[in-house]
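Engineer: Below is the sequence, then the predicted model.
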Amino acid sequence: MNDDLLRQAFAELRRVEAEQAPPFHGPYVEPALSRLRSRLKPVLRLAFAALLLIIVVLSFRRPPEPSISAWKAPTDFLLATPGRELLQSTPDLKGIRR
Amino acid sequence: MQRAEMERAMEELHPASYGWALSCCGRNREEAEEVLQNVYVKILEGKARFNGRSSLKTWLFAVIRLTAISQSRRRALRDVLTAKWARREIAPVATMPDAAAETSQVCASLVDALRKLARRQREVLELVFYHDMTIEEAAAAMHVSIGAARVHYQRGKKQLLAQMNGNR
């Protein structure tokens, strides 16, 4: 058996197997694409959920608590009466003359 | 290469790719179909990219070959881990059950002789005789040097002819 006969045998095998090859579009590309989509779906869902979570966290986040030393009562302005500075300062006795 | 263009090229090469996948999977049709599907997914997902350094056919065949090898390794490992080998009975390789009758005597003898060859010898012979590749193209698809591919080709052909003549 020489090369040509070997070639003929391989050609026969190729012909037989080509006939048995499943169609390209049916079982190959479509499932491949659907697998691709099904792989992408969880990723997209996860990304969407993460985005939603970030939005919720940001919208419900409270402003930072003010420091207790910096706190002022809302009615603090009522204490600012006229002549208040006289009551808060020490009188200068040297300045008083008989 | 655009995706639509790639799909068209893959469709054109599909019968040859199927034949090559069959060869890489010891002519087991189920495995070959699984390998081919994984290859198409890899290409469509962009995990395997054609860079134009060889012909598309050579590149596609290399991807099929590597996918078949890694799939077969994974299967072997899984079998070991699940201790399947201990339970499995030695059975004749079930390949092309319905096609066996259609296959001529020459084809059956050829497939039988090919099974007895070393993997690389079988690969180079199939790439050259079945897929009409040159030895250089076959070497590129097999990721071996041209010299090594030539040696595998010569030795493989000699053994194949001896086997087939013996089967007659």
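Structural biologist: Thanks, I have the structure now.

Engineer: Chain B: helices as residue ranges?
Structural biologist: B:3-24, B:29-45, B:56-81, B:84-87, B:105-115, B:119-125, B:135-142, B:146-167 (DSSP state H).

Engineer: In terms of secondary structure, what does the fifth one contact?
Structural biologist: It refers to helix B:105-115. In terms of contacts (3 or more C-beta pairs under 8 Å, 6 or more residues apart in numbering or on different chains; DSSP states H and E), helix B:105-115 is packed against helix A:3-20, helix B:119-125, helix B:146-167. All C-beta atoms are positioned from the backbone trio N, CA, C, and that covers glycine.

Engineer: for residue 25, what are its contacts?
Structural biologist: Since you didn't name a chain, this refers to chain A. Residue A:25 makes contact with residue B:11, according to C-beta atoms under 8 Å, 6 or more residues apart in numbering or on different chains.

Engineer: Let me rephrase: I mean chain B.
Structural biologist: By C-beta under 8 Å, 6+ apart, the contact set of residue B:25 is B:31-32, B:35, B:68, B:72.

Engineer: Among those residues, which pair sits farthest apart?
Structural biologist: Spanning the widest gap among these are B:32 and B:72, at 11.4 Å by C-beta to C-beta.

Engineer: More neighbours: which of the two?
Structural biologist: More crowded of residue B:32 and residue B:72, by other C-beta atoms under 10 Å in any protein chain shown: residue B:32, with 26 against 16.

Engineer: after the helix or strand hosting residue A:58, next one along is what?
Structural biologist: Using DSSP states H and E, residue A:58 maps to helix A:30-60. With elements assigned by DSSP H and E, the helix or strand that comes after helix A:30-60 is helix A:84-88.

Engineer: so who does residue B:153 touch?
Structural biologist: Residue B:153 sits next to B:121, B:124-125, B:128, B:135, B:138 when contact means C-beta under 8 Å, 6+ apart.

Engineer: Show the contacting residues for the nearest residue to residue B:104 once chain neighbours are set aside.
Structural biologist: Nearest non-adjacent residue to residue B:104, counting by C-beta to C-beta, 6 or more residues apart in numbering or on different chains: residue A:12, 6.0 Å away. Taking C-beta under 8 Å, 6+ apart as the criterion, residue A:12 is in contact with B:104, B:106-107, B:110.

Engineer: how close does the residue nearest the centre of chain B get to residue A:46?
Structural biologist: Nearest residue to the geometric centre of chain B (C-alpha atoms, centre = their mean): residue B:24, 2.5 Å. With distances taken as C-beta to C-beta, to the nearest Å, residue B:24 is found 36 Å from residue A:46.

Engineer: How about residue B:156?
Structural biologist: From residue B:156 across to residue A:46, the span is 50 Å (C-beta to C-beta).

Engineer: do the same with residue A:53
Structural biologist: Remark: distance between residue A:53 and residue A:46 (C-beta to C-beta) = 10 Å.

Engineer: Just give me the neighbour total for residue B:42.
Structural biologist: The burial count for residue B:42: 17, using other C-beta under 10 Å.

Engineer: actually residue A:62, sorry about that
Structural biologist: Residue A:62: 5 neighbours (other C-beta under 10 Å).

Engineer: Quick check on it: phi, psi?
Structural biologist: Residue A:62 adopts backbone torsions of phi -80, psi 150, taken as degrees, to the nearest 10.

Engineer: which residues does it contact?
Structural biologist: Counting by C-beta under 8 Å, 6+ apart, there are no residues that residue A:62 touches.
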